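Q: sequence and predicted model, in that order:
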Amino acid sequence: MTETDERAGRMRRFHERFLVEERVVVGSGKRNLYLIAGALIVLGLTGFFFVLDSILESDDLSVIDQPVEVWLESGRDDWLTVVMIVLSVVFGPIAMPIIILVTTVTWGILAKHAWRPLLLAGGMILGVVIVQALAPIIARDRPPAEEMMIGYDPTSSFPSGHVMGVADFLFIGTYLVFSRHRRPVITVLAFVAASVIVLLTAICRIYLGYHYATDALGSIFLSLVVLGIVIAVDTWRTVRVGTPAEAAAVESGDETIGSEEVP
């Protein structure tokens with residue numbers, strides 16, 4: 001074996017360390033995944049620009065901001081405020097990056113392949129870049145300072161970094177874990193649970209006086225765009241169209257691999 005062959009072999013073994021197990025689908029399965037990814041991107045972009053236009057023109061969806069804010073403020077209670085503060089801290093800019101870092105590093109160490117944790121990290125970074133790029137350009141003022149319950153925040157209000165960070169983490173993580181399962185009901189229930197937590201985060205930020213409802217809504221639409229991109233990249237990299245026999249063989253192997261990989 002030549003030195004070139006040895007180098008190529010080392011590179012191939014290194015590459016396979018970061019190559020997720022092959023996913024075999026039958027018929028139009030791969031095309032359907034691309035369609036889902038495309039639909040999420042189109043829905044997310046359409047929704048985001050509609051919300052943005054409503055904010056800039058002070059019409060359409062922006063009319064919900066004041067009623068939602070008043071409704072949540074009317075329900076304020078000491079115990080509920082404590083709960084909301086805890087949620088805000090856990091999903092905030094200090095604790096959330098630590099949670100993401102620990103999750104991705106632990107998953108990458110324990111998993112047989114590093115593809116999915118790396119894709120999760122990449123999706124999270126993309127979300128941060130989007131928020132950091134858009135917020136100063138749009139420069140929407142937050143609610144009045146006297147309404148902020150845990151300190152003044154001078155940064156821009158739209159989109160919400162809190163909401164988008166949680167939505168990216170939960171939506172992408174849910175897809176990467178549960179898309180490998182062969183029971184659609186489990187996947188749907190997982191996304192429902194993720195959506196509930198994202199909604200609670202949005203309510204938390206509005207309740208504490210740091211965002212309007214349209215801030216949260218626009219952030220969720222942007223998260224759908226990021227999710228669509230992740231699904232498209234994951235499908236391109238890991239999915240192969242095969243025969244029913246091949247799909248059955250891989251499915252049989254997935255049950256064992258999945259139980260070992262996902263911490």
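A: Perfect, thanks for sending it. Residues are numbered from 1 along each chain as shown.

Q: now stretch 50-60: mean pLDDT?
A: For stretch 50-60, mean pLDDT rounds to 90.

Q: and for stretch 167-174?
A: Looking at stretch 167-174 alone, the average pLDDT works out to 95.

Q: one more: stretch 134-154?
A: For stretch 134-154, mean pLDDT rounds to 88.

Q: how long is that stretch end to end?
A: Start to finish, the residues bounding stretch 134-154 are 16 Å apart (CA to CA, to the nearest Å).

Q: okay, buried residues for that stretch please.
A: For stretch 134-154, a neighbour-count test (16 or more other CB atoms under 10 Å) marks 134-135, 140, 142-143 as buried. Every residue, glycine included, has its C-beta placed from N, CA and C.

Q: out of those, which is nearest to R76?
A: Nearest to R76 among the buried residues of stretch 134-154 is P143, at 14.0 Å by CB to CB.

Q: do you know how far the residue nearest to that closest one when sequence neighbours are not counted is from E69?
A: Closest residue to P143 apart from its sequence neighbours, by CB to CB, 6 or more residues apart in numbering: G209 at 5.3 Å. Distance of G209 to E69, given as CB to CB, to the nearest Å: 8 Å.

Q: residues that sit against both of the two, list them.
A: The contact sets of G209 and E69 overlap at P143 (CB atoms under 8 Å, 6 or more residues apart in numbering).

Q: measure the one residue sitting closest to the centre of the chain to L45 for me?
A: Taking CA atoms, centre = their mean, the centroid of the chain lies closest to D168, which sits 1.7 Å from it. Noted for D168: a distance of 16 Å to L45, by CB to CB.

Q: how about the helices in the stretch 51-200 of the chain?
A: Taking DSSP state H, counting those that start in this stretch as the criterion, the stretch 51-200 of the chain carries its helices at 65-74, 78-90, 95-110, 115-138, 161-178, 184-207.

Q: how about TSV for these, with distance to D153 added?
A: Conversion of the helices of the stretch 51-200 of the chain to TSV gives the following (distance: least, CB to CB, whole Å):
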stretch	distance to D153
helix 65-74	16
helix 78-90	11
helix 95-110	16
helix 115-138	12
helix 161-178	10
helix 184-207	10
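
Q: most tightly surrounded among those helices?
A: Among the helices of the stretch 51-200 of the chain, helix 161-178 has the highest mean neighbour count (mean count of other CB atoms under 10 Å), at a mean of 24.
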